[in-house]
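Asker: okay, predicted coordinates and the sequence, questions at the end:
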Amino acid sequence: IMPVRLNGKKLIEKLRWMNEPVTFESLVESFSLKGKSSEDLQRIKGKLRNLLNAAVRLGFVKEYNDHYFTSSHVDEVAELIESEMESEDELSSEDDES
């Protein structure tokens, strides 16, 4: 069995792939840890919990009601809305000039 190598990038990619708020246990299950000894499983859960807490502190992940999700999706949508609004402002100012 291959060792599970967890890092922040894999955590964010997994949360993006899941594409919905998830509980810690759902996140653990998504890493396919079947066949791991209980000692390995506890170690992996501890590392995952630490990564998740760090990602929340750094603002990459949001936590609400014991569910986790990436904050990048919110940022991407906000940027899209902002650029759409700027485009509309430019169009309306062009209309004002004519």
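Answerer: Sure thing, it's come through.
Asker: low-confidence ranges, the protein, go.
Answerer: Residues of the chain that meet the criterion pLDDT under 70 lie in 1-4, 73-77, 88-98.
Asker: spatially central residue for it, please.
Answerer: Closest residue to the average C-alpha location of the chain: residue 70 at 2.3 Å, with Cα atoms, centre = their mean.
Asker: can you give me the helices in this structure?
Answerer: 8-18, 24-30, 38-58, 72-97 (DSSP state H).
Asker: got those helices as TSV, with mean neighbour count and distance to residue 65 columns?
Answerer: For every residue, glycine as well, the C-beta is placed using N, CA and C. As requested, the helices of the chain are arranged in TSV below (neighbours: other Cβ atoms under 10 Å; distance: least, Cβ to Cβ, whole Å):
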stretch	mean neighbour count	distance to residue 65
helix 8-18	15	16
helix 24-30	14	12
helix 38-58	14	13
helix 72-97	10	16
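Asker: could those go into CSV alongside distance to residue 66?
Answerer: Rendered in CSV, the data for the helices of the chain read as follows (distance: least, Cβ to Cβ, whole Å):
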stretch, distance to residue 66
helix 8-18, 15
helix 24-30, 7
helix 38-58, 11
helix 72-97, 19
